[in-house]
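**Student:** Quick one: sequence plus predicted model below, questions after.
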Amino acid sequence: MPFAKRKSKEPLTELELFDYACKSLGARMQSVRDLRRKMKDRVAPGDEGEAMMDRILEKLKEMRYLSDERFAADFTRLRQENRSLGRRRVQQDLQQKGIAGDLISSALSEAYDGVDELMLVRTHMERKRIPPPTDDKSTARVLRRLTSAGFSSKSIVTVLRSLKAGETALDRAEAESSDD
């Protein structure tokens, strides 16, 4: 049976849950909300399970294994350096991870202040092997890809104009960005 109901596992004890949380953090950095969501499946439902998770999360924070500040800073730096994503995309990703707004803004300003966004757009195009557009259709496709990567319309249009992309699509994109 491909869709058989999964057997519910026995709730973990506090020590077992702590070990589970440490192994999970050892495999991959996580935000407090992500780890809480993972642990929720492994505890007894109700106030007792919530209290156990709270105690474990506090202990992990005291031991400096878990920190949303460090997570936001590392996540932002890695997305900017390794994937060459724009500021807006990283901000959206951090919001989805449940990071507080003030932590997001401080991590973004630390990572992106002084970064040349035009160079970041060019780097992104090279890494993703996005060919320079030759007509309006391919220009629109590249515009969508770069916008979804989190770059500002102004930077995208500037880079594409330097590549002599389809002028009609660029004029339309520039008009739309000036309306915002």
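**Tutor:** Nice, I can see it.
**Student:** which residues of this structure score low on pLDDT?
**Tutor:** Where the chain drops to pLDDT under 70, the residues are 1-8, 165-171, 179-180.
**Student:** roughly how far apart are the closest residue to K128 other than its chain neighbours and S178?
**Tutor:** Distances taken as Cβ to Cβ, 6 or more residues apart in numbering put R145 closest to K128, at 7.4 Å, once the chain neighbours are dropped. The C-beta positions use only the backbone N, C-alpha and C, and glycine is treated the same way. Plainly put, R145 is 21 Å away from S178 if you go by Cβ to Cβ, to the nearest Å.
**Student:** neighbour-wise, which of those two wins?
**Tutor:** Under the criterion of other Cβ atoms under 10 Å, the comparison of R145 against S178 puts R145 first, with 15 against 9.
**Student:** Does that one touch R127 like I think?
**Tutor:** No - with contact taken as Cβ atoms under 8 Å, R145 and R127 are classed as non-touching, separated by 12.0 Å.
**Student:** buried set for the longest helix along the chain?
**Tutor:** Looking only at the chain and at elements set by DSSP state H, the helix with the highest residue count is helix 47-62. Taking 16 or more other Cβ atoms under 10 Å as the basis for neighbour counts, the residues of helix 47-62 that come out buried are G49, M52, M53, I56, L57, L60.
**Student:** Might you report the residue contacts of the fourth one?
**Tutor:** Same thing as I56. By Cβ atoms under 8 Å, 6 or more residues apart in numbering, I56 lies in contact with E14, L17, F18, A21, M39.
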